[in-house]
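Asks: predicted model, plus sequence, below.
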Amino acid sequence: MILLALSASEFIHWHDDEHVDFRVYLTAAQLVREHKGAEIYNAADTGQNPQIRFAPADSLFQRTASSMGIAKVRLYVYPPTLADALVPFTFLSLQHAGNAWLVFNILCIAFTAMLVTWMLYDSIFHVACIGFFIGVFCFRANILALEQGQISSVLLLLWTAGIAFYVKGFKRTSAAVFALATAIKLTPLLVVLPFLLWREWKWLRWFALSLVALGLVLCLVNGPHALLDYALRVMPPMSAGYSHIDNLSLSSAIPQLYLGLTGGDFRTPNVPVPTAVVITTKLITTTVLLTGLFYIYKLGRIRSIMERAKVLSLVALLSLYCSPITWRSAYGIVFLAALFLWKDAFDRGASKLEWMLLVVCTLEFSFSLDTIFLRLTHGALLSSTALLAPLTGCVLIFYTLRKMQLARMTHAAH
């Protein structure tokens, strides 16, 4: 109920930003439609970090946006897949395309609820489906994604579909869905690691084949130049991250905390920090990732399919923290981890400490603590705001995986 109230506040303060992110995707799609797919990274491949940068007025990307009625547009930084998929929206007027995208994303949330219901109850015609639909909206990240026209709702659907199809035994479909998610945004590639540990060779083969097939399609539609341009000139500068109060990844949160502790200007986006801080941040991020994978490795080949699904939902959560850039709107996929962990707590019981941890983390997944910090703190404490979500999430991930490991050890002992 608290989360629902927070989400309602987002609706009340809804800012008509005219789907700023969707307009970026739409401009890239228009270039694809005009058979200029090789130019979708125009002005984004200069060697500078293209995140949150507006296209120069004289660039092909901005001229294309202007011809569609978009006065100012940011640079396109996703793989070509998204631009290709959104070509049908370019046949609509700008206003109608934005409305259609909003409806499409709401449908993605509805399908997410249906897939979860099917996974747990073997049918989508269950009253729980309504609860799951409301549950997705409880997380403010999903409201932010709808407001900004972000791709996050689609990625939530793909993560959910990949896990649901795997649970139901449709491994080929699951692999293809995860390959599509990876082709849209690279972070779902992390899901391959648990499947390697579980020796799911059939799934991995289909994932690799699907990814190769998607790559060939992208080359046919846009030419190989676009894919090479993205891999060689767009991705490398983006991998450095982007320090911003709305970037809730470890690679952004740690430099902000450093600036706050040293009296630096942590409010200004992407303020330079010493090389030692950058290296330390990368080491911490790598350590977090390897620690999560180590815990998964220690679990061995989990036999319970629902336990595997829970691990995959935790991997989705881990991908948020280890990515160089994770905007608040990307946190919609925390719904999956919250779903499995709350279900476990109700089904199997939990200690007071576990209940408290789950409550605090779930509230923070909707940035409740962030809101308090932003309003009531200043200085170094305020600079730690972006660290709250990654910190609470990592504690929840490691605690859950450790608990699963101890449960397996106890079961083996008996």
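Replies: Yep, it's here.
Asks: check the chain and tell me which residue is nearest its centre.
Replies: For the chain, the residue nearest the mean C-alpha position is Ala330 (4.1 Å; CA atoms, centre = their mean).
Asks: enumerate every residue touching that one.
Replies: By CB atoms under 8 Å, 6 or more residues apart in numbering, the contact set of Ala330 is 141, 145, 150, 152, 155, 320. From N, CA and C alone the C-beta is placed, and that goes for glycine too.
Asks: the nearest residue to the last one once chain neighbours are set aside and Phe335, how far apart?
Replies: Nearest residue to Leu320, sequence neighbours excluded (CB to CB, 6 or more residues apart in numbering): Thr326, at 4.7 Å. Between Thr326 and Phe335 the distance is 15 Å, computed by CB to CB, to the nearest Å.
Asks: swap in Lys168?
Replies: Applying CB to CB to Lys168 and Phe335 gives a distance of 19 Å.
Asks: which one's more surrounded, those two?
Replies: Higher neighbour count among Lys168 and Phe335: Phe335, with 27 against 15, using other CB atoms under 10 Å.
Asks: which residue, neighbours along the chain excluded, lies closest to that one?
Replies: Closest to Phe335 by CB to CB, 6+ apart is Val136, at 5.4 Å.
Asks: before we move on, what about Pro390?
Replies: Leaving aside its sequence neighbours, Pro390 sits nearest to Tyr321 (CB to CB, 6+ apart; 4.4 Å).
Asks: please apply the same query to Pro269.
Replies: His244 (4.6 Å).
Asks: is it fair to say that neighbour lies in a helix?
Replies: No: under DSSP: H, G, I helix; E, B strand; the rest coil, His244 falls outside any helix and is assigned coil.
Asks: contacting residues for it?
Replies: Shown in contact with His244 (CB under 8 Å, 6+ apart): 52, 252, 269-270.
Asks: still on that earlier bit, now pLDDT too, for the contacts of Ala330, in JSON lines please.
Replies: Converted to JSON lines, the contacts of Ala330 look like this (pLDDT from 0 to 100):
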{"residue": "Ala141", "pLDDT": "90"}
{"residue": "Ala145", "pLDDT": "91"}
{"residue": "Gln150", "pLDDT": "93"}
{"residue": "Ser152", "pLDDT": "94"}
{"residue": "Leu155", "pLDDT": "96"}
{"residue": "Leu320", "pLDDT": "92"}
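Asks: for those residues, which single residue is the most surrounded?
Replies: Of all these, the most densely surrounded is Ala141 (29 neighbours; neighbours counted as other CB under 10 Å).
Asks: mind telling me what element Gln62 is part of?
Replies: Element membership for Gln62, per DSSP states H and E: helix 60-67.
Asks: tell me the mean pLDDT over that helix?
Replies: Averaging pLDDT along helix 60-67 yields 95.
Asks: and what of stretch 20-38?
Replies: 95.
Asks: got the CA positions of stretch 160-176 in PDB?
Replies: Only the C-alpha atoms of stretch 160-176 are listed here, as PDB (Å, rounded to 0.1, in the frame of the first residue of the first chain):
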ATOM      1  CA  THR A 160       9.600 -12.400 -17.400                       C
ATOM      2  CA  ALA A 161       8.900 -14.300 -20.600                       C
ATOM      3  CA  GLY A 162      12.400 -15.800 -20.600                       C
ATOM      4  CA  ILE A 163      12.000 -17.000 -17.100                       C
ATOM      5  CA  ALA A 164       8.400 -18.200 -17.500                       C
ATOM      6  CA  PHE A 165       9.100 -20.200 -20.700                       C
ATOM      7  CA  TYR A 166      12.100 -21.800 -19.000                       C
ATOM      8  CA  VAL A 167      10.000 -22.800 -16.000                       C
ATOM      9  CA  LYS A 168       7.400 -24.300 -18.300                       C
ATOM     10  CA  GLY A 169       9.900 -26.300 -20.200                       C
ATOM     11  CA  PHE A 170      10.000 -24.200 -23.400                       C
ATOM     12  CA  LYS A 171      13.800 -23.900 -23.400                       C
ATOM     13  CA  ARG A 172      14.200 -22.900 -27.100                       C
ATOM     14  CA  THR A 173      11.600 -20.100 -26.700                       C
ATOM     15  CA  SER A 174      13.200 -18.900 -23.400                       C
ATOM     16  CA  ALA A 175      16.700 -18.800 -25.100                       C
ATOM     17  CA  ALA A 176      15.300 -16.800 -28.100                       C
END
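Asks: could you check how far stretch 255-273 is from the centre of its chain?
Replies: Averaging C-alpha positions (CA atoms, centre = their mean, to the nearest Å) puts stretch 255-273 24 Å from its chain's average.
Asks: go on, stretch 336-349?
Replies: Chain-centre distance of stretch 336-349: 21 Å, with CA atoms, centre = their mean.
Asks: quick check: buried residues in it?
Replies: 336-341, 344-345 (16 or more other CB atoms under 10 Å).
Asks: return the subset of those lying in strands.
Replies: Taking DSSP state E, every one of the buried residues of stretch 336-349 sits outside strands.
Asks: thinking again about what came up before, pLDDT score for the residue nearest to the centre of the chain?
Replies: The predicted local confidence for Ala330 is 92.
Asks: wait, is it part of a strand?
Replies: No: per three-state DSSP, Ala330 lies outside any strand segment and is helix.
Asks: any idea how far it lies from Tyr78?
Replies: Using CB to CB, Ala330 is found at 12 Å from Tyr78.
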